[in-house]
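K.L.:
Got a predicted structure here, sequence first:
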Amino acid sequence: MDRLCTITQKSDIFFKYQNTPIGLLLEYHNLNRSIEENYDNAQLLIGMCMDNRKHLHIPDNFAYIIRTGGANLRYSEFKVSYAISVGGVKHIGLIGHTNCGMVSLADRKHLFIQGLVERGGWEESRAEEHFMQFAPMFEIGNEIDFVVSEAQRLRLKYPKVVIAPMLYKVEDNRLYLINEE
Ligand SMILES: [Zn+2]
């Protein structure tokens, strides 16, 4: 966890992100900047996990948000392209989080299959096949490593967009920047 940078004052925000929509996101969420500000257009795209334990403190209209398991945008690229091309955003905040369900999916294979049978009304064999087919695509391995690799992948794909990997700690509901060096 020593790659995480605590943001408790504006100067903690990496210089390259200061006075950008990434910096503003950190100011709103971590530094209690007033969210009464008005936006006519989205300032950035936020990619974050679908997990229910996270809530961002940001103004209305401030951001496009794509929520997926593990903040994995590999299967949401058309929406990313849309936010950039039509939505006009030039920044992406990629937010992984602690205790993410997309880490070590294999450990929850039994739970997944049983739950889908009991609550989804699936046949057990079909539920197992479904898990085996998709778990490898959605497994993220490690929250921090994944969000950094995802940021690097997206930078190659959208070289003019600024992309910041971050972590949301569900233990304290704060955002942390990730030191990539
Ligand atoms: Zn998650």
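P.N.:
Perfect, thanks for sending it.
K.L.:
So which bits of this structure are right by the ion?
P.N.:
Residues of the chain lying close to the ion (Cβ under 5 Å from the ion) are 49, 51, 100. C-beta here means a position set from N, CA and C on the backbone, and glycine is covered the same way.
K.L.:
again, only using 8 Å
P.N.:
With Cβ under 8 Å from the ion as the criterion, the chain comes near the ion at residues 49-51, 69-71, 96-97, 99-103, 143.
K.L.:
Quick test: name the residue nearest the centre of this protein.
P.N.:
For the chain, the residue sitting closest to the mean C-alpha position, by Cα atoms, centre = their mean, is residue 48 at 2.4 Å.
K.L.:
Local confidence estimate at it?
P.N.:
Confidence at residue 48, expressed as pLDDT, is 98.
K.L.:
secondary structure element for it?
P.N.:
strand 44-49 (DSSP states H and E).
K.L.:
strand partners of that strand, parallel vs antiparallel please.
P.N.:
strand 63-68 (parallel), strand 91-97 (parallel) (DSSP bridges).
K.L.:
correct me, but residue 95 touches residue 50?
P.N.:
No. Checked against Cβ atoms under 8 Å, the pair residue 95 and residue 50 is beyond contact range at 11.7 Å.
K.L.:
who has more neighbours, the two?
P.N.:
The neighbour count for residue 95 versus residue 50, taken as other Cβ atoms under 10 Å, is higher for residue 95 (24 against 13).
K.L.:
Kindly state the beta-bridge partners for the more buried one.
P.N.:
Beta-bridge partners, per DSSP bridges, of residue 95: residue 48, residue 166.
K.L.:
Quick one: residues contacting it.
P.N.:
By Cβ atoms under 8 Å, 6 or more residues apart in numbering, the contact list for residue 95 reads 46, 47, 48, 49, 54, 71, 147, 166, 167, 168, 175.
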